[in-house]
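Asks: No letters, just coordinates:
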């Protein structure tokens, strides 16, 4: 049975990778492509890290695994998702069932860590270094220079402000910081693999995502980041030449030219009502001042000081609820899925919903038409490429998915939350009743955002050489990993095996995984109904 190593390169995009391989700038990627299989990997819709990585590790679409973005869609209060929101097993859950060992490092949305047969260090959305982010717990105490190696954690909210400041004032320092983080995590996983027995290992390099967001306009910096990954992958593969390797990204990237704020469009069309009038409102002026001061403080304070000071974190990093900005008693719809989707405030979904179920279809139709017809006010270009109904994207049993999902035209991205007039003078003097919905600059200084296509490589002694894979998606990664390990495929997943990748046609067998004793317990429908009712009563 083969050992398998799954390497994630967050955000790696074929639009950059392939030309650099052709030009000889990434020698080890060139070796992998020439001596293995390669394909363009289709991401989830929308193409964001939480749903895409969860599809990679479960083999299921978001409608089945239940992760649609960074926040839960089941509540109007801010609630960052974690591993407990996932509704289906992962690769390591399945392997634990059959007594196989895994090493899992820095995979997004894996906090809190699960009890597995092996070792887990969680990744993006881990709340802080003070949390229990490893399994077993004692691994946490060993994450230092003298032992397993340093393991810096990402802070979902704080780090973007720190990176924005560094990109503006010390871009070389930010690039060096990204490189060091990837090196340190690579060393941790190599040390774990040397000490512990394993059948499957997975590591995700997140630095590439950061680099794409902040340096898409600086291709020399991006290239240096890819070259560092090229070097790190070479070290891992050369260390374990007999293993089978899969190298994937969760999505690709493209340049940001303009930012769309869907909530602003909904406000202008009368579907969304803010708590405070954007113009001529004392509260709007106060909010504008608070945000400006907060963002200024975040950019001048050192990240080290901000992370250590409890007072600063309390003052600056407390989540602002949608309910503090939006009057849901008068709102029919709002943006979700990080700005790439729309949630309808239906009475049968939310305890304080406003849309009667009999009006649901009409509201969806009106909003869909609204966004299909939205144009850039500067040049009259279309902004939204496609608008999909949830049942066109997710399975029929999907639980509280975004009701509408967008594909953006190239060069445009979207951001969640209503954005008030940016300048204080506009709030005071303007007689407008509408607010701008398109902006030329990202507030965090990002120049790149997610695109729908990532990368997929397969490499090893059982893989065809110089082979191109067609129509492979994030859901197909798990069945490819299991086939590489010689295992049967759980029959409840959505992904498929691309048999032609292997030199010898594999004997693919789908099985009901319930035959194994699973440590992964899913709530029954009755249990979920009871929890839903209790939540309503608590509200």
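Replies: Done, it's in. Not measured: the values here are computed from a predicted model.
Asks: What helices and strands are in contact with whichever strand or helix holds residue 52?
Replies: In this assignment (DSSP states H and E), residue 52 forms part of helix 49-58. Packing contacts for helix 49-58, counted by 3 or more C-beta pairs under 8 Å, 6 or more residues apart in numbering; DSSP states H and E, involve helix 62-65, helix 91-97, helix 477-484. Using the backbone N, CA and C atoms, a C-beta is placed for each residue, glycine as well.
Asks: hmm, try it at 7 Å
Replies: Helix 49-58 is packed against helix 62-65, helix 477-484, with contacts defined by 3 or more C-beta pairs under 7 Å, 6 or more residues apart in numbering; DSSP states H and E.
Asks: Name the nearest residue to residue 476, sequence neighbours excluded.
Replies: residue 495 (4.2 Å; C-beta to C-beta, 6 or more residues apart in numbering).
Asks: for that neighbour, what are its contacts?
Replies: Applying C-beta atoms under 7 Å, 6 or more residues apart in numbering to residue 495 gives the contacts 59, 475-479.
Asks: if we go to 10 Å?
Replies: The contact partners of residue 495, by C-beta atoms under 10 Å, 6 or more residues apart in numbering, come to 55-56, 58-61, 472-482, 489.
Asks: Could you do residue 197 as well?
Replies: 100-101, 103, 117-118 are the contacts of residue 197 under C-beta under 10 Å, 6+ apart.
Asks: Which member of these is positioned nearest residue 33?
Replies: residue 103 (26.0 Å; C-beta to C-beta).
Asks: what number of residues lie near that closest one?
Replies: The local packing of residue 103 (other C-beta atoms under 10 Å) involves 24 other residues.
Asks: ok, and for stretch 227-244, which residues are buried?
Replies: The neighbour-count check on stretch 227-244 (16 or more other C-beta atoms under 10 Å) flags 227-233, 236-237, 240, 243-244 as buried.
Asks: hang on, I meant stretch 136-149
Replies: Buried residues in stretch 136-149, counted by 16+ other C-beta under 10 Å: 139-140, 142-143, 148-149.
Asks: As JSON lines, the residues you listed with secondary structure and pLDDT would be great.
Replies: Below are the buried residues of stretch 136-149 laid out as JSON lines (DSSP: H, G, I helix; E, B strand; the rest coil; pLDDT from 0 to 100):
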{"residue": "139", "secondary structure": "helix", "pLDDT": "97"}
{"residue": "140", "secondary structure": "helix", "pLDDT": "96"}
{"residue": "142", "secondary structure": "helix", "pLDDT": "96"}
{"residue": "143", "secondary structure": "coil", "pLDDT": "96"}
{"residue": "148", "secondary structure": "coil", "pLDDT": "96"}
{"residue": "149", "secondary structure": "coil", "pLDDT": "96"}
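Asks: how far does stretch 363-383 sit from the chain's center?
Replies: 26 Å (C-alpha atoms, centre = their mean, to the nearest Å).
Asks: how far does that stretch stretch from start to finish?
Replies: Stretch 363-383 has an end-to-end distance of 21 Å (C-alpha to C-alpha, to the nearest Å).
Asks: swap in stretch 343-362?
Replies: This stretch, stretch 343-362, spans 14 Å end to end (C-alpha to C-alpha).
Asks: now do stretch 106-122
Replies: With C-alpha to C-alpha as the measure, stretch 106-122 spans 5 Å from end to end.
Asks: buried ones in it?
Replies: 106-111, 113-114, 116-122.
Asks: quick check, nearest of these to residue 365?
Replies: Residue 365 has its nearest neighbour among the buried residues of stretch 106-122 in residue 109, at 33.1 Å by C-beta to C-beta.
Asks: tell me the pLDDT at the closest one?
Replies: Per-residue pLDDT puts residue 109 at 95.
Asks: Can you tell me how far it is from residue 203?
Replies: 15 Å (C-beta to C-beta, to the nearest Å).
Asks: cool, residue 335 as well?
Replies: As judged by C-beta to C-beta, residue 335 and residue 203 stand 33 Å apart.
Asks: now swap in residue 218 and tell me
Replies: In this view, residue 218 and residue 203 are 26 Å apart by C-beta to C-beta.
Asks: More neighbours: which of these two?
Replies: residue 203 (26 against 15).
Asks: before we move on, what SS does that one have?
Replies: Assigned with DSSP: H, G, I helix; E, B strand; the rest coil, residue 203 falls in the strand class.
Asks: can you pull out the helices in the stretch 301-450 of the chain?
Replies: Here the stretch 301-450 of the chain has its helices, by DSSP state H, counting those that start in this stretch, at 303-308, 310-316, 360-372, 390-393, 424-429.
Asks: what does the longest one rub up against?
Replies: Outside helix 360-372, the residues that touch it by C-beta under 10 Å, 6+ apart are 260, 262, 265-266, 268-269, 271, 332-333, 342, 344-349, 354-356, 359, 382-390, 403-404, 406, 414.
Asks: any idea of the mean pLDDT for it?
Replies: Here helix 360-372 scores 97 as its mean pLDDT.
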